[in-house]
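> next come a sequence and a model predicted from it.
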Amino acid sequence: MQISTKFFTVVLLLFICNAGFSQSNFGFDTRLEDEEYQMENVFGASHTSNSGLISSLFWRHSNSLDRKNLAHYGIELANTRHPRESRQTTITGSSFVIGKSNYLVSIRPYYGREKVLFQKSPQQGVRVSAMVSAGPTLGLETPYYINYLGRKEQYDPNTHSVININGTSGPLKGLFESKVVPGLHLKTSMTFETNSTKNRVFGVQAGFVVEAFTRKIEILPEAENKSVYTAAFIAIYFGKRR
C-alpha cells in the first residue's frame, strides 16, 4: 500500500480547513492557560510510501523553549521495503516475497525543533506546527529466511527455486545475524493536534523523510538496490504533557 499525492492533499486540506474555521484569532498567538506546558511525551505509529501499513513506531520527548518553539528528541524503529517487492501465496496459504534476501530495519535516534504556527483555543480547534529533525541511523540488513524443502534458509537466487518455497520464517529468525550499516536521516513534517488538553495530546503528522546509508542495502539481489531512500509519511501519535 502506498500513499498517493491525492490522499496527502485531502488529509492536509481537511486539517487546515478545520483549523481555519474552528479557531478564533487565526494567525495570531492565542495561547491561553489551557495551552501552557513545559514538556510532553508522545508515542506513535506511521505509514510510509515505501513500506507496509504500519511502517514504524516512535517515541518523542519535547521541551518548551518559549511560547512558540519546542526542542525534541526521540527514537524510531522503521522497516523499509524495496519498491519492486511482490508477495506470492503458496498452495498451503502461507506467503513470501519473491526474490527477497534481506530486510532493512532502521533504528533512528533523532533531535529536532518544532515551531508552532497557529495555536488552538481551549478545548477546540487545531494547533498547527512545523517540525524538522535529524540524526544517525543504525541500519540492520537482516537475512530474509524462507521455508525451502523443509529447511529454513536465507534466500539465494542462485540456489533456490521459487516453486519449492513454502513461506517465510519471519524477521526474528535472522535478527542476530544482521549486518549493521550506519547512515543518517532527515525528516520534515507538519503536525496537526486536535482534542488536546493541558494534560493529553493527540495529533496527526505528515511529511517526508530521507535516509542515506554508507553502502547499498541488498534487499532484492536481482534488482537495483540503493543506499538512499526517500518517502512520504503520515503518522498518528498520542501522549501526555505537563
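Happy to help now that I have it.

> can you pull out the helices in this structure?
Assigned by DSSP state H, the chain shows helices spanning 5-22.

> where does it have low pLDDT?
Flagging of the chain using pLDDT under 70 yields the residue ranges 1-36, 121-124, 195-198.

> for Arg65, grab phi and psi.
Actually, residue 65 is Leu rather than Arg. With angles defined as degrees, to the nearest 10, Leu65 sits at phi -90, psi -40.

> run a quick neighbour tally on the closest residue to it other than its chain neighbours.
Nearest residue to Leu65, sequence neighbours excluded (Cβ to Cβ, 6 or more residues apart in numbering): Ala71, at 5.7 Å. Yep, even glycine has a C-beta here, placed from its N, CA and C like the rest. Neighbours of Ala71 under the rule other Cβ atoms under 10 Å: 13.

> what do you get for Glu218?
The number of residues packed near Glu218 is 16, by other Cβ under 10 Å.

> same deal with Thr191?
As a burial measure, Thr191 scores 23 neighbours (other Cβ under 10 Å).

> any idea how far it is from Gly239?
From Thr191 across to Gly239, the span is 12 Å (Cβ to Cβ, to the nearest Å).

> so what sits opposite the spatially closest residue to Ser46 that is not a sequence neighbour in the bridge?
In space, Ser46 comes closest to Ala235 once its chain neighbours are excluded; the distance is 3.5 Å by Cβ to Cβ, 6+ apart. Applying DSSP bridges to Ala235 gives these bridge partners: Ser46, Gln205.

> touching, the residue nearest to Leu65 and Arg60? I think so.
No - in this structure, Ala71 is not within contact of Arg60 by Cβ atoms under 8 Å, at 11.0 Å.
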